[in-house]
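Student: this one's sequence-less:
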């Protein structure tokens, strides 16, 4: 588990860190309006990619992990998954190209967005193929190759973006530098699995279609689509109601939120094949232990990051992006409670889907996303980016509660959340005390001190006693078993 988590972490950390740093780079080099256009384009591209990949990556992860040692069956699934992804990606790319002008001018009132959406459409087929390959590698638990592909991809993304921005191509260069390498790497990754693809083509008479993979993928597409409504409604509706400048200011706060959600994403990637395998084997007790241990472990990382964002958000944004992004600090503060909840729950966020309860997962996501749309519609016009942050936090918390309840109801897995809730409540109280006392950290050293203090606190409150004892024994060897001293 630890080795898989490390490899999964590398495979997710490099792209996530690259994307985060590039958005910081775009904000510093091109300003808030350019960062707003960059964020709007990426939001639309993300929606298009979800429907263009048809959930094939997640479907391949689940089905390949469940097949065991059947090499021919796995290879056939890979071939079918790639074919379905490329076909769907091409279709969605065509649709996005035809609707780019109405979307950019009619919906967002931005003529600059039109050309950026055309670039996004061109990148979809290759990106969809890459999603299928990565899903297959995750199901096979070949996370070393997974990490290698994402590292190469991220390297080219960083180089292309920086070169195009510095040579005067502006936000169009930033988008092309981001999406073109993703598409090219996705197509190139097919060559790395040429043996599996050849084996899958050994029966040429069979159609390139899998009803099970397609059906599962369609549900995953709906769930992910609703999840993107949850994740990007705030950005898109800010673009509809306000200007690119406000979108850019809000995007700065979202950068910190996404950093907080990364640890859970890495853990979930490593856990997804294990969840499918344990559930298929009927080992509910072991699955329950895995789920509860993983959520506590991730909380030890996520909670201190969120607390640091609450009390030191203004200083973080000032040092990352500049003084002009200081108004984003209030939005960042309002986003952090939702970031804490989803940052931990995302560790096992695919639990319902991977135990066969896809409809229940979809219902929970739909309710949460609908609430998000409603709250953003009501709060953005009067409150601006602070209203978007408040709506996002409320809907994220609601989504976590609904999914935890559904897991207990449908799987019988008992989630132990009392210590998590107690620790979160204590951190909220500490953050409120710091805010009311007017003592937020003004320097990066102060921000780091806040993070270190809360990391120790969360470790003490959330680690098992046996684990704490092992840590103490390693730090103080003299406390290990040995002859006792006379009293």
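Tutor: Arrived safely. Every value quoted in this text rests on a predicted model; they were computed, and no experiment measured them.
Student: low-confidence regions, the stretch 151-300 of the chain specifically.
Tutor: Scanning the stretch 151-300 of the chain for pLDDT under 70 picks out the ranges 200-212, 269.
Student: swap in 80 and give it another go.
Tutor: The stretch 151-300 of the chain contains residues with pLDDT under 80 at 194, 196-231, 243-244, 258-259, 262, 264-277, 280-281.
Student: how about residue 182, what does it touch?
Tutor: Applying CB atoms under 8 Å, 6 or more residues apart in numbering to residue 182 gives the contacts 123, 126, 127, 130, 153, 157. C-beta here means a position set from N, CA and C on the backbone, and glycine is covered the same way.
Student: and residue 436, how far from residue 181?
Tutor: Relative to residue 181, residue 436 is positioned 47 Å away (CB to CB, to the nearest Å).
Student: likewise residue 277?
Tutor: As defined by CB to CB, residue 277 lies at a distance of 33 Å from residue 181.
Student: next: residue 419.
Tutor: Note on residue 419: its distance to residue 181, by CB to CB, is 43 Å.
Student: ok, so what distance separates the residue nearest in space to the middle of the chain from residue 302?
Tutor: Note on the chain: the residue nearest the mean C-alpha position is residue 265, at 5.5 Å, using CA atoms, centre = their mean. The span separating residue 265 from residue 302 equals 11 Å under the rule CB to CB.
Student: now do residue 463
Tutor: From residue 463 across to residue 302, the span is 14 Å (CB to CB).
Student: ditto for residue 47
Tutor: Noted for residue 47: a distance of 26 Å to residue 302, by CB to CB.
Student: ok, the two, which is more surrounded?
Tutor: In this comparison of residue 47 against residue 302, neighbours counted by other CB atoms under 10 Å, the higher total goes to residue 302 at 27 against 20.
Student: so the more buried one touches residue 344, yeah?
Tutor: Yes: with the criterion set as CB atoms under 8 Å, residue 302 and residue 344 qualify as a contacting pair; they are 5.6 Å apart.
Student: shared neighbours, those two?
Tutor: Contact criterion CB under 8 Å, 6+ apart; residues bridging residue 302 and residue 344 by contacting each: residue 264.
Student: in three-state terms, label residue 141 for me.
Tutor: Assigned state for residue 141: coil (three-state reduction, DSSP: H, G, I helix; E, B strand; the rest coil).
Student: just the pLDDT for it.
Tutor: Per-residue confidence (pLDDT) for residue 141: 72.
Student: quick one: it and residue 271, what's the gap?
Tutor: For residue 141, the distance to residue 271 (CB to CB) stands at 11 Å.
Student: cool, and residue 113?
Tutor: Using CB to CB, one obtains 37 Å as the distance from residue 113 to residue 271.
Student: and what of residue 129?
Tutor: With CB to CB as the criterion, residue 129 and residue 271 are 25 Å apart.
Student: tell me how this protein divides into domains.
Tutor: Residue ranges for each domain of the chain read 1-200, 210-475, as given by automatic domain parsing.
Student: was I right about residue 172 contacting residue 117?
Tutor: No: distance between residue 172 and residue 117: 11.1 Å, which falls outside the contact criterion (CB under 8 Å).
Student: more neighbours: which of the two?
Tutor: Taking residue 172 and residue 117 together and counting by other CB under 10 Å, residue 117 has the greater number of neighbours (23 against 19).
Student: what is the neighbour count of the closest residue to that one other than its chain neighbours?
Tutor: Closest residue to residue 117 in three dimensions, ignoring its sequence neighbours and counting by CB to CB, 6 or more residues apart in numbering: residue 100, at 3.9 Å. For residue 100, the neighbour count with other CB under 10 Å is 20.
Student: surely residue 100 is in contact with residue 121?
Tutor: Yes: with contact defined as CB under 8 Å, residue 100 reaches residue 121; the gap is 6.8 Å.
Student: so for the closest residue to residue 166 other than its chain neighbours, what's the pLDDT?
Tutor: Ranked by CB to CB, 6+ apart and with sequence neighbours excluded, the top spatial neighbour of residue 166 is residue 29, at 8.0 Å. Confidence per residue is given as pLDDT, and for residue 29 that number is 87.
Student: in what helix or strand does residue 29 lie?
Tutor: Residue 29 is located in helix 2-30, with elements delineated by DSSP states H and E.
Student: packing partners for the helix or strand just after that helix?
Tutor: Along the chain past helix 2-30, the next helix or strand (assigned with DSSP H and E) turns out to be helix 32-53. The elements that helix 32-53 packs onto, with contact taken as 3 or more CB pairs under 8 Å, 6 or more residues apart in numbering; DSSP states H and E, are helix 2-30, helix 71-101, helix 112-139, helix 170-192, helix 211-241, helix 244-280.
Student: of all those helices, which one is nearest residue 452?
Tutor: Closest to residue 452 of these is helix 244-280 (CB to CB; 16.5 Å).
Student: got the buried residues for the closest one?
Tutor: For helix 244-280, the buried set under the neighbour-count rule, 16 or more other CB atoms under 10 Å, comprises 244, 246-279.
Student: and for stretch 137-155?
Tutor: When neighbours are counted by 16+ other CB under 10 Å, the buried residues of stretch 137-155 are found to be 137-141, 143, 145-151, 153-154.
Student: just name the closest of those to residue 60, please.
Tutor: Checking these against residue 60 with CB to CB, the nearest one is residue 139 at 5.5 Å.
Student: quick check: closest non-adjacent residue to that closest one.
Tutor: With CB to CB, 6+ apart as the measure, residue 64 is the residue that lies nearest to residue 139, at 3.0 Å, once sequence neighbours are left out.
Student: relative to residue 343, how far out is the closest residue to residue 443 other than its chain neighbours?
Tutor: Leaving aside its chain neighbours, residue 443 sits nearest to residue 315 (6.6 Å; criterion: CB to CB, 6+ apart). Taken as CB to CB, the spacing of residue 315 relative to residue 343 amounts to 21 Å.
Student: of the two, who's got more company?
Tutor: In terms of neighbours (other CB under 10 Å), residue 343 is the more surrounded of residue 315 and residue 343; the figures are 28 against 21.
Student: the more buried one reaches residue 260, doesn't it?
Tutor: Yes: checked against CB under 8 Å, the pair residue 343 and residue 260 is within contact range at 4.8 Å.
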